Each structure stands twice: as C-alpha cells, then as structure tokens.
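Trainee: Build me a model from this:
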Amino acid sequence: MIPRLRWKKSRTIRLHESDSGNIAPDEPSRFSVWRAATIFLGALIFLWPAILNRLPLLYPDSMTYLADGRPVARALFLHKFSNYYGMRSLIYSLGIFPFHWNITLWPVAALQSLLAAYVIWLVVRSVVARQTLWWYLILCASLSLLTTLSWFAALILPDILGPILYLCIYLIVFAREALSRAERAAVIVIIWWAVASHGSHLIVATALCALLILLNALHCKFMQQRWRAVGAVMLVILFSVAAQVGLNKYLTGNAALDADWPPILMARMIEDGPGRQYIETHCPDAKFAICEDVQHLPADTDDFLWSDTGIWQSASAEKQARLQHEEIRFVLATVRAYPGEQLKKSAANFGNQLITLGMDDLTAADWTLEGFDRAIPAEKSHYEHSRQISNALPLDFFSSVQGWMVIASLAVIAAFIPYLRRYRPARILGLGVIIVSAVLMNAFVTGVLSAVEPRYQSRVIWLLPLLAALLILDWRGQRSLHRTNAE
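Mentor: All right, here's what the predicted structure looks like:
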C-alpha cells in the first residue's frame, strides 16, 4: 500500500504545480488499441453528413482543388509541366491527390474526419484526466450533432484544417509535455499542411503567434516559459511559407506565396464603396487598369471576380496581370484618400462576419456539376443522385441548432470567467485564448479582406462549444480533486 500512496501523492503535486486540477498526467502516451479504436470511431461519427448525403459534400471550389493535384504531381515527380496549375492552394491539392486519384471522394473526407478526431482526442486528453475515452466519445457525438464540425469534416475543402490548426497551436504551446515524440511530430506535420492549405490559415496562425508573444512580454502567468514553444510554431509556419514559395517557383518560375490569385482586395474595396469612389474621382489621372471599367463597375465582389461578364473573367491575360500588379497600390491609394470611410466599412464587415453563421453555401451550385468532367468524372453520377444536388439536406435545421448552441456556449464561457480568474488553470486558459482569438481573427480576415459569407465563420465557430464543454470537464475534475484531497 505504501508505494501506491506515494505515487498518488506525487501525482497530486504535479497537478497542482501545473495550475490545473484536471489535466492529464504529463507522461508520454503509449499506443493503445482501445485509444486507436476510439479515435477511429470519432472519425466515423464525423462522417455522418457524407453518409446521409451518399457522397462527401462539395462546393464549387472543391472541383478546383480536386483537379489541380494531378498536374502538380506530374510536374514534381514526372517533370511534365503544364501551362496552368490553378489559383488555389497547390499544397492542399497535392496533399489530397493520393487519397482520391480523381476517382473517389470518400478517402479525402475520411482523412479530414480522422485528422479532426485525432487532434480533438489530443486536446481532450490534455485537459481530462479521468474517463477520457468516454468523455471524448460523448464530446465527439455532441459536436457532430450540434455544431458544423461534421459538415466541414465531410466537405472537400481545406476549411476544416483551419480550426484543426489552431488546436494544434494550443497543443504545441500549452500541452507539449502531454504529447509523446510521435504525437508532437504528427501535430507539427498537421500545422505545416494546414498553414499551407489556405491563406487565411496563414494569417490567423501568424496573428496568434504574435498575440502569444505579446502576452508573454506582458508576463501573463499562464504564458511562463513558453517562448520556445511559440518559436517552434513560428518556425513551422516559416517552413510552410517557404514550401509554398518554392513550389510556385519550381512550377511557374514565380517565387510568390500564392499561385495566380485574383485581385480580391481590389474587388472588396470597390464593393465597400471607397474603392468605387476613388475610381470615379481620380480616374483616368490615376492610370490604373481598373480605370478602363469606370463606367461599369460591378455591385459586388462575386460579380467582379467570377461572373462571365465581370471585370476579371472578361479581361485579357495582359489586363489581368496589370490588375494583380496594381492591386496593393490601388488599395493603399484608396485608404489614403478615404481612411475614415474604409475603416467604418471594414469594422462593419468584421461585425457582420462575426455573427453571420449557417450552411447556406453548401447548397447545390451549377458550377460544381460542370467541374466533374475535369476533376473527378467517376463521381458525377453519384453527385447527381445525392441529397445535396436536390437541396434535400437539413441545412437550415442544423444551422439553427448550431446558432442556439453557440449562444449557450457563450453563456457557459462567461459563467466560468470567475473560475478562470480564481484558479488560473494554465492549459484551459491557453486553450481559451487560442479559441476566442482565432474566432475573432477569422471573422476579421475573411470579413474585411474577402467577403462576408456564412461558411467562413461557421467553419471555426464549433470551437466555442468545444471550449465550453472542456471548461465544464475541467471544473468537474477540479471538484473531484478537491474531494480526493479532503479525504
């Protein structure tokens, strides 16, 4: 009995020293068949929207990601180059290519669901010390049914990698000691791929690192001795950026971060109003390429960029190159001319994006069907018989459920602020800072720099219910620990 009591006492001391009453013991996690089976079950739970739909969910952009992987792979491994590789993340396209081979969508959805299940398992294990398997499965089922997590895990887009990335940053910075070497390596690889998969992920991840550095400089207690961990995340981000630049240099000869991205910021400012006002006031003296279209500027960003008769789609290759080259100069000129007007509009866009939730974007689109012949022709007939193409998925119902879930989660988080201020549990505080900041930053990046769309905020909003649930479990563990110590 004596050795057992001594072990129990030492474990209790470790828990107190970590400023959290309910974290998992800081020892490497050994492989367990039961743990692996639990994670796979979690991934299967996340796949239910695809099973309901009879096919993983698709968006018009999905077809581009699916189609671009093959030419990039041919150039890298067979040295057979193409004239055009697409304008979206080539690394995401290349990453999912071995899983679909332009034949089937299911392995891609399975991969994304497995990544989500695995990272959530690591997060739950870092906070919940007792009955971890059962609480993990309960949490997976709840998030799957009450939030958008499963819908985005089953959607062939890099959207799900954003929230996964932010949770991985938490794991490296605040829970590194709870991970084995293999788990740390896996998390680092996920960070690298997620950062490279979408521009907004890169911006938010960089901003999160800057915030953590600031909190460290302000001597926040829960940030003590975490400089090296933040530096490790920043190093992974730099390697991801270098990989994107190197790949574009190899494929196109242009050492750029993006492949062939259209002038979204220019279109955004014209829709906001200050950009339109600048063109109408300063053209043709400003000598921008966009001045040629002063008489027929589109009303919104989508018309500017994607309409067949829009400025971008109808422009010649030479004019497109000019629009891209002049975009930043046009944006700066507009901000200098109308700083107050643009600031008010950007603030309004940020606020609107923050509260614009839902899954309206996942309804059927004509362009999706048209893209099958180039991207993945074998799945076209399955898509034609899916619930998504007939708009028979319960998107409105689950959007409503998620809305109420977010409100409830915010209430729970607010109720636990006194608990956090009193006990200051390092990991749960770190997780809270990461999640709340990521949700706010995502709304700013997408709403201000791109467009206000329900999909953009819905892809990360499930992090708030996750945080609320872990707060409850951490508090429950704290009470249990106090009762144990009292006995």
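
Trainee: Next, Leu57: phi, psi?
Mentor: phi -70, psi 150 (degrees, to the nearest 10).

Trainee: Make 155 the starting number, not 1.
Mentor: Sure, I'll start numbering at 155, so the last one becomes Leu211.

Trainee: was I right about it contacting Ala308?
Mentor: Yes - judged on CB atoms under 8 Å, Leu211 makes contact with Ala308 at a distance of 5.2 Å. All C-beta spots, glycine's among them, are computed from the backbone N, C-alpha and C.

Trainee: list residues touching both of those two?
Mentor: Here Leu211 and Ala308 have 203-204, 263 as joint contacts, going by CB atoms under 8 Å, 6 or more residues apart in numbering.

Trainee: Now go through the residues you listed and say which are in helices.
Mentor: 203-204, 263 (DSSP state H).

Trainee: Strands along this protein, start to end?
Mentor: Counting by DSSP state E, the chain has no strands to list.

Trainee: any low-confidence regions in it?
Mentor: 155-185, 413, 634-641 (pLDDT under 70).

Trainee: Would you tell me which helix is longest in it?
Mentor: Under DSSP H, the chain gives helix 381-406 as its longest helix.

Trainee: list the buried ones in that helix?
Mentor: 383-384, 386-388, 390-391, 394, 397-398, 401-402, 405-406 (16 or more other CB atoms under 10 Å).

Trainee: hang on, Leu419 packs against Leu486?
Mentor: No - between Leu419 and Leu486 there is no contact under CB under 8 Å: 10.2 Å.

Trainee: more neighbours, those two?
Mentor: Leu419 (19 against 10; other CB atoms under 10 Å).

Trainee: State the distance from the more buried one to Glu481.
Mentor: The gap separating Leu419 from Glu481 is 6 Å, by CB to CB, to the nearest Å.

Trainee: Please apply the same query to Glu472.
Mentor: The value you get for Glu472 to Glu481, if CB to CB is used, is 15 Å.

Trainee: picking up where we left off before, pick out whichever of Leu211 and Ala308 has more residues nearby.
Mentor: The residue with more neighbours, out of Leu211 and Ala308, is Ala308; 28 against 25, by other CB under 10 Å.

Trainee: Now do the contacts for the more buried one.
Mentor: Going by CB under 8 Å, 6+ apart, Ala308 touches 200-204, 207, 210-211, 263, 266-267.

Trainee: Torsion angles phi and psi at it?
Mentor: Dihedral angles (degrees, to the nearest 10) for Ala308: phi -90, psi 0.

Trainee: Name the nearest residue to it, sequence neighbours excluded.
Mentor: Ala204 (3.9 Å; CB to CB, 6 or more residues apart in numbering).

Trainee: Who are the contact partners of the one you found?
Mentor: 210-211, 260, 263, 308 are the contacts of Ala204 under CB under 8 Å, 6+ apart.

Trainee: tell me which of these is nearest to Ala350?
Mentor: Ranked by distance to Ala350 (CB to CB), the contacts of Ala204 are led by Ala263 at 20.0 Å.

Trainee: Tell me the spatial nearest neighbour of the closest one, not counting adjacent residues.
Mentor: Distance criterion CB to CB, 6+ apart; nearest residue to Ala263, sequence neighbours excluded, is Pro210 at 3.8 Å.

Trainee: can you check Arg528 too?
Mentor: Ala221 is the one closest to Arg528 (CB to CB, 6+ apart), at 5.0 Å.

Trainee: and the one you found, how far is that from Asp215?
Mentor: 11 Å.

Trainee: In this structure Leu300 contacts Gln556, no?
Mentor: Yes - contact criterion CB under 8 Å: Leu300 and Gln556 qualify, at 6.8 Å.

Trainee: more neighbours, these two?
Mentor: Legend: neighbour count by other CB under 10 Å for Leu300 and Gln556, higher for Gln556 (22 against 19).

Trainee: which ones are touching the more buried one?
Mentor: By CB under 8 Å, 6+ apart, Gln556 lies in contact with 300-302, 511-512, 612, 615-616.
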